[in-house]
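In: The following block contains a protein sequence and its predicted model.
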Amino acid sequence: MLLEMKRITKQFPGVLALDGVDFSIDAGEVVALVGENGAGKSTLMNILAGVFPATAGEIIWDGRPVRIDSPLSARRLGIAIIHQELQLCENLDVAANLFLGREPRLGGPLGVLRRGRQYADARQWLDRVGLPLPADTPLSRLTVAQKQLVEIARALSVSARLVVMDEPTSALTETEARRLFELIAQLRAHGIAVIYISHRLEEVLTHTDRVVCLRDGRRVGAGRTADLSRDDIIKMMVGREVGQLFPKRPVPVREVVLDVRHLFAPGVSDVSFVLRRGEIVGFAGLVGAGRSEVVNALFGAVPKTAGEVYVRGRLADIRHPGDAVRTGLAYVTEDRKLLGLVLTQSVRDNTTLAFLRDICGGILLARGRETRVTKQAIERLRIKVADMHTPALHLSGGNQQKVVLAKWLAGTPTVVILDEPTRGIDVASKAEIHSLICDLAEEGAGVILISSEMEEVLAMSDRILVMAEGRITGELLRREATQERVMELASPRTARN
């Protein structure tokens, strides 16, 4: 057995995050670690990575007890972690991120950097993960999906014996995900173990050998993947049957609430569309197609260079996000940590951040009103948190995403823009958020849904707008949309015709 984690317990102040968890994996094995957000998966992997120590328990590596007291000691053993929240330096280029802390140098670790060698080595690893970018590209210019591939390339370049992948496909297209699964098969063939953490159960069922499930910090089930169904895994994760994953409900579509005419912006070329009250319009396309660029321009996050935007029939002068909020727009961004939350602030402060004017009593915050709004949001979205004063930094990724949603639901927006709203969210929470999206439509909002999960776009949208190379290349009604038709319209060739 390559790795055994025995009776691992982790106590944080006021929270028992792990309670006597056992986990093991052998060389060349792919084991899925599943569970709801907050189940303890990331905590267990952070202990394995040396981010923080276990309160109790033992780690056996290659047959002998070891103490992993830092990320460096984990790396020396041959353990590489691809975190769900990317651990990259925005101010460095791609090659520097790949070899950070282990740069090729002449004359030892303090010698002259061999930059040419670094770029050549980086190119090999980028080719292996299918990322056709110059190695000297600044990381800040990359999309979230491209950064994810850089993180994967960095982990593979360490000559690891065990690779932990935490939601590795959350930002990848289907093509990029297929390449990742090919890499996993190669790792398995070379005797490298893979711990695969994902809420996408089809991936778990297709690409892993065993499943280990955590719930509320305890190991509650395990089995060979071949012996389990999707429903078996879901029931292990949540301890009950889960309702419909895509609970799309018919909603009467009424007047136009958003009318975009000939919009031009960086990465956007002559985009026009309308959105009606009660309607969910999905935006589909490959990574880099321009979906996020369109909504960033609508929301004033980047300046538009031409075009007009009408909200409820009135020309909207949106120059920055504050204008957008006052106009009635809400925007759940794809990067919750960088753009969606103030991580050091409490759940209460984040929940009411976008609508402080409505909560103020004169020049002072009405704390009682703020508390009531936050309590309602915690109950409605089932946010798992000790109390509303907990900093957002201490929440799991899925619960952080719920706080981002709560922030915008504290008001009554006319248009709700959701960019990858269920990325990194567990199955039960995903069903809840899908139901919430339907609630928004029923309450009269117009909803724009951007998602890299084709199943989600097809199941939740009334209409689908497909983009390629910054343009809308086609529109499909719900009844006529198929994965094949969407992919055909998403082809760059379609944009050029």
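Out: Yep, that arrived.

In: distance of the nearest residue to Ala377 once chain neighbours are set aside from Arg380?
Out: Closest residue to Ala377 apart from its sequence neighbours, by Cβ to Cβ, 6 or more residues apart in numbering: Ala406 at 3.7 Å. Every residue, glycine included, has its C-beta placed from N, CA and C. Separation of Ala406 from Arg380 (Cβ to Cβ, to the nearest Å): 8 Å.

In: Same drill for the two, tell me which one is more crowded.
Out: Taking neighbours as other Cβ atoms under 10 Å, Ala406 and Arg380 compare with Ala406 leading, 21 against 15.

In: I'd assumed Val385 was in contact with that one.
Out: No: look at Ala406 against Val385 with Cβ atoms under 8 Å: they stay out of range, at 10.7 Å.

In: Now for the two: what residues contact both?
Out: Residues touching both Ala406 and Val385 by Cβ atoms under 8 Å, 6 or more residues apart in numbering: Ile378.

In: now the residue nearest to Ala377, what's its secondary structure?
Out: helix (DSSP: H, G, I helix; E, B strand; the rest coil).

In: Model confidence score at it, please.
Out: For Ala406, the model assigns a pLDDT of 85.

In: Please tell me how far it sits from Glu488.
Out: Taken as Cβ to Cβ, the span from Ala406 to Glu488 is 38 Å.

In: repeat for Thr169
Out: 22 Å.

In: and the two? which has more neighbours close in?
Out: Thr169 (24 against 14).

In: Would you confirm that the more buried one contacts Thr175?
Out: No: with contact defined as Cβ under 8 Å, Thr169 does not count as touching Thr175 (11.2 Å).

In: Need the three-state assignment for the residue positioned nearest the centre of the chain.
Out: For the chain, the residue nearest the mean C-alpha position is Arg423 (3.6 Å; Cα atoms, centre = their mean). Under the three-state scheme (three-state DSSP), Arg423 adopts coil.

In: Where does the residue nearest to it when sequence neighbours are not counted sit, in terms of helix or strand?
Out: For Arg423, ignoring the flanking residues on the chain, the nearest one in space by Cβ to Cβ, 6+ apart is Ser170 at 4.8 Å. Applying DSSP states H and E as the criterion places Ser170 outside every helix and strand.

In: roughly how far out does stretch 206-219 sit from the chain middle?
Out: How far stretch 206-219 lies from its chain's middle: 20 Å, per Cα atoms, centre = their mean, to the nearest Å.

In: quick one: terminal-to-terminal distance for that stretch?
Out: 22 Å (Cα to Cα, to the nearest Å).

In: Residues touching that stretch, excluding its own?
Out: Contacts of stretch 206-219 (Cβ under 8 Å, 6+ apart): 10, 16-23, 29-36, 39-41, 43-44, 181, 184, 196, 204, 220-225, 228, 233, 236-239.

In: One more pass at 6 Å, please.
Out: Stretch 206-219 is contacted from outside by 16-19, 21-23, 29-35, 39-41, 181, 196, 220-225, 228, 236-237, using Cβ atoms under 6 Å, 6 or more residues apart in numbering.

In: cool, stretch 127-136 as well?
Out: By Cβ under 6 Å, 6+ apart, stretch 127-136 touches 93-95, 119, 122-123, 149, 152-153, 179.

In: Report the buried residues of that stretch.
Out: Neighbour-count burial for stretch 127-136, counted by 16 or more other Cβ atoms under 10 Å, picks out 128-131, 133, 135.

In: pLDDT score assigned to the residue nearest to the centre of the chain?
Out: pLDDT recorded at Arg423 is 79.

In: my guess is it contacts Leu172, does it?
Out: No: the criterion here is Cβ atoms under 6 Å, and Arg423 misses it with Leu172 at 10.7 Å.

In: what's near enough to touch Ser292?
Out: Taking Cβ under 6 Å, 6+ apart, one finds Asp419 in contact with Ser292.

In: That one: which element?
Out: Counting by DSSP H and E, Ser292 is part of helix 291-298.

In: now that helix: how far from the chain's centre is it?
Out: Between the centre of helix 291-298 and the centre of its chain there are 18 Å (Cα atoms, centre = their mean).

In: what does stretch 251-265 give?
Out: Distance of stretch 251-265 from its chain centroid, counting by Cα atoms, centre = their mean, is 27 Å.

In: What residues sit buried inside that stretch?
Out: Those would be 251, 253, 256-260, 263, 265, for stretch 251-265 by 16+ other Cβ under 10 Å.

In: now swap in stretch 302-310 and tell me
Out: 302, 304, 307, 309.

In: Take the residues you listed and keep only those in strands.
Out: Secondary structure from DSSP state E places 307, 309 of these in strands.

In: between the buried residues of stretch 302-310, which is nearest His190?
Out: Checking these against His190 by Cβ to Cβ gives Val302 as the nearest, at 43.5 Å.

In: Now do the contacts for that closest one.
Out: By Cβ under 6 Å, 6+ apart, the residues touching Val302 are 265, 296.

In: could you measure it against Ser451, distance?
Out: With Cβ to Cβ as the criterion, Val302 and Ser451 are 21 Å apart.

In: How about Leu88?
Out: 23 Å.

In: Look at these two and report which has more neighbours.
Out: Ser451 (23 against 19).

In: What segments of the stretch 351-497 of the chain are helices?
Out: Ranges of helices in the stretch 351-497 of the chain, per DSSP state H, counting those that start in this stretch, are 356-359, 367-381, 397-409, 427-442, 454-460, 483-490, 492-496.

In: quick one: pLDDT of Phe12?
Out: In this model, Phe12 carries a pLDDT of 86.

In: ok, now Ser491?
Out: In this model, Ser491 carries a pLDDT of 79.

In: which ones are touching it?
Out: Applying Cβ under 6 Å, 6+ apart to Ser491 gives no contacts.

In: ok, it to Tyr119 distance?
Out: Ser491 is 31 Å from Tyr119, where distance means Cβ to Cβ.

In: Lys41 too?
Out: 36 Å.

In: Pick out whichever of the two has more residues nearby.
Out: Lys41 (25 against 18).

In: Could you tell me how far the more buried one is located from Ser73?
Out: Separation of Lys41 from Ser73 (Cβ to Cβ): 21 Å.

In: Could you count how many residues lie near the closest residue to Val347 other than its chain neighbours?
Out: Computed as Cβ to Cβ, 6+ apart, the closest residue to Val347 that is not its neighbour in sequence is Met388, at 4.9 Å. Neighbour count of Met388, defined by other Cβ under 10 Å: 18.

In: Met388: what's it in contact with?
Out: Per Cβ under 6 Å, 6+ apart, neighbours of Met388: 347-348, 374.

In: Can you give me the pLDDT of it?
Out: 89.

In: how about the buried residues of stretch 302-310 in a markdown table, adding pLDDT and distance to Gly290?
Out: Listed next are the buried residues of stretch 302-310 as a markdown table, based on pLDDT from 0 to 100; distance: Cβ to Cβ, whole Å:
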| residue | pLDDT | distance to Gly290 |
| --- | --- | --- |
| Val302 | 92 | 12 |
| Lys304 | 92 | 13 |
| Gly307 | 95 | 14 |
| Val309 | 96 | 16 |
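
In: Turn the buried residues of stretch 302-310 into TSV, columns for distance to Thr414.
Out: Formatted as TSV, the buried residues of stretch 302-310 follow (distance: Cβ to Cβ, whole Å):
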residue	distance to Thr414
Val302	21
Lys304	19
Gly307	19
Val309	12
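
In: Domain-wise, how is this structure divided?
Out: Domains of the chain are assigned by automatic domain parsing as 3-238, 256-496.

In: how about these, which one is nearest Phe246?
Out: Ranking the domains of the chain by proximity to Phe246 (Cβ to Cβ) places domain 256-496 first, at 3.7 Å.
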